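# Take this sequence and fold it.
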Amino acid sequence: MRLQYSDFEVVGANYLKQENVEIKNKKNKNMPYISVGILILIILCCCFNKQVMNHDPKYMDLINSSLSPNKEFYFGTDSMGRDIFSMIWYGGKISLFIGILSTIISTFIGIVYGSISGIASELIDDIMMRLTEIILSIPSILVIIFVQAILGKSTPISISIVIGITSWMNIAKVVRSEVRQIRNSEYILAARTMGGSYMYIIYQHLVPNFISSIMFMVVTNIGTAIGTESTLSFLGIGLPLEIISWGSMLSLSEQSLLTNQWWVILIPGIFLVTTLVCITNIGNYIRKLNNKKLSNI
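Residues are numbered from 1 along each chain as shown. From the prediction side, this is the model:
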């Protein structure tokens, strides 16, 4: 029996399909389903906190202050009588808002700065990268404190701006490396020859090529921003107590430890750490996925 050319095509197509299925199965096995599920649950509860909360998170019920977890107050109350269960979901929304907004700001600055540095001449590129390395050499917490002192009163938006404009450097370095590899491509040269602006070239041609390379950094920066806001509030230079967030809740930790009110610091800390771990696991998965794609090229 003779085999025709069409038979080889069918065999080849079936082999490719089987190979694609195996690759998808490997990806699905490595995906952190537990982290994704927990993070989605926390985000949904924070976004729809009115349906989850059983008390007003801002109401100070001094009669029921410093109560341990019970049937009425599931996570207990703080020294001002506020329900911690309701504060968790209300404050989580603000913490997530700060993490997402600051990441959008830092990603935008990093993409624009890194793209301009990658396209520019050797001299300008060297100056821009030296400036980036100088900023990276300064402890980020000192830069954040300095910028926050200039802006004055802390609000969720001001904290997001401060974190965003002090955390773009690593993204810029990755973007710059990617842009320098593709800046001499024919479609980039054609766009520049036809008078395309920097922003047009960045948006239309450069971003689609390096977005996968920085995606894990974008996801990780959300968790980093949430942790930074909590650190600032813990140090007393973040959000004030009247603005509820996971960080401002942790700012009461010193008083809580002295009075043995473990639930005031432990429960918000568990939610904060769980969220950061889930975001980190998802970021690492995206990084490994991107590394596999690059190794197969």
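
# does Leu257 really touch Ile265, like I thought?
Yes - the criterion here is CB atoms under 8 Å, and Leu257 meets it with Ile265 at 6.8 Å. In this view, the C-beta of every residue, glycine as well, is placed from N, C-alpha and C.

# Residue ranges in the stretch 101-250 of the chain under the pLDDT threshold?
Applying pLDDT under 70 to the stretch 101-250 of the chain flags the ranges 198.

# Would you map the strands across it?
Secondary structure of the stretch 101-250 of the chain (DSSP state E, counting those that start in this stretch): no strands located.

# For it, which segments count as helices?
Secondary structure of the stretch 101-250 of the chain by DSSP state H, counting those that start in this stretch: the helices cover 122-137, 140-151, 156-164, 169-182, 186-193, 198-201, 207-234, 246-250.

# quick one on the thing from earlier: more neighbours, Leu257 and Ile265?
The residue with more neighbours, out of Leu257 and Ile265, is Ile265; 20 against 12, by other CB atoms under 10 Å.

# So that one sits against Thr259, correct?
No - with contact taken as CB under 8 Å, Ile265 and Thr259 are classed as non-touching, separated by 10.9 Å.

# Count the residues that sit near Gln51.
9.

# tell me which element it falls in.
helix 49-52 (DSSP states H and E).

# Please name every helix or strand in contact with that helix.
helix 84-119 (3 or more CB pairs under 8 Å, 6 or more residues apart in numbering; DSSP states H and E).

# what angle do the helix it packs on and helix 169-182 make?
Helix 84-119 runs at 40 degrees relative to helix 169-182, counting by axes from the mean of the first three to the mean of the last three CA atoms, to 10 degrees.

# Now helix 84-119: buried residues?
Within helix 84-119, the residues that qualify as buried are 84-99, 101-103, 105-107, 109-119, counting by 16 or more other CB atoms under 10 Å.

# what angle do it and helix 122-137 make?
Using the same axes, to 10 degrees: helix 84-119 against helix 122-137 is 150 degrees.

# got the angle for helix 84-119 vs helix 207-234?
140 degrees.

# JSON lines for the helices of the stretch 101-250 of the chain, including distance to Pro57?
Below are the helices of the stretch 101-250 of the chain laid out as JSON lines (distance: least, CB to CB, whole Å):
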{"stretch": "helix 122-137", "distance to Pro57": "37"}
{"stretch": "helix 140-151", "distance to Pro57": "25"}
{"stretch": "helix 156-164", "distance to Pro57": "15"}
{"stretch": "helix 169-182", "distance to Pro57": "34"}
{"stretch": "helix 186-193", "distance to Pro57": "51"}
{"stretch": "helix 198-201", "distance to Pro57": "42"}
{"stretch": "helix 207-234", "distance to Pro57": "16"}
{"stretch": "helix 246-250", "distance to Pro57": "10"}
